[in-house]
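1. here are the coordinates; sequence isn't available:
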């Protein structure tokens, strides 16, 4: 059974940093793309960042480019999201997801971790 578990969320002041982790279990994820998404109150879930299986190819939403960094450690089956220069508009529940077939369909999702940025 595939399971994704996010951690590292919390309350931080604007300008601060947080590092989210996504631990995967149930199978090796070394050859699959993974992504981070977020959902703010009253808004639809939105794409944040993606990392391909090799780790060398990444992509970011314009709103986080230059502030967030996605990475992965295939040996640990873990993906990370380093978030710097946080803004109040980054407040959301952050989800990690697995793109099993490489087509952007993201078949598996974690339960989410809350990130709250105060002014």
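-> That came in fine, so what should we check first? These figures come from a predicted structure and were not determined experimentally.
2. quick one: residue 48 from residue 75, how far?
-> Distance, residue 48 to residue 75, by Cβ to Cβ, to the nearest Å: 24 Å. C-betas here are computed from N, CA, C, even on glycine.
3. check residue 90 too.
-> Per Cβ to Cβ, residue 90 is found 29 Å from residue 75.
4. could you do residue 30 as well?
-> 8 Å.
5. for residue 35, same thing?
-> From residue 35 to residue 75 the distance is 20 Å (Cβ to Cβ).
6. how about residue 94?
-> Distance from residue 94 to residue 75, counting by Cβ to Cβ: 23 Å.
7. so those two - more neighbours on which side?
-> With neighbours defined as other Cβ atoms under 10 Å, residue 94 and residue 75 compare such that residue 94 has more, 23 against 7.
8. residues in contact with that one?
-> 6, 9, 20, 36-38, 48, 81, 112-115 (Cβ atoms under 8 Å, 6 or more residues apart in numbering).
9. out of these, which one sits closest to residue 70?
-> Closest approach to residue 70 among the contacts of residue 94 (Cβ to Cβ): residue 81, at 5.5 Å.
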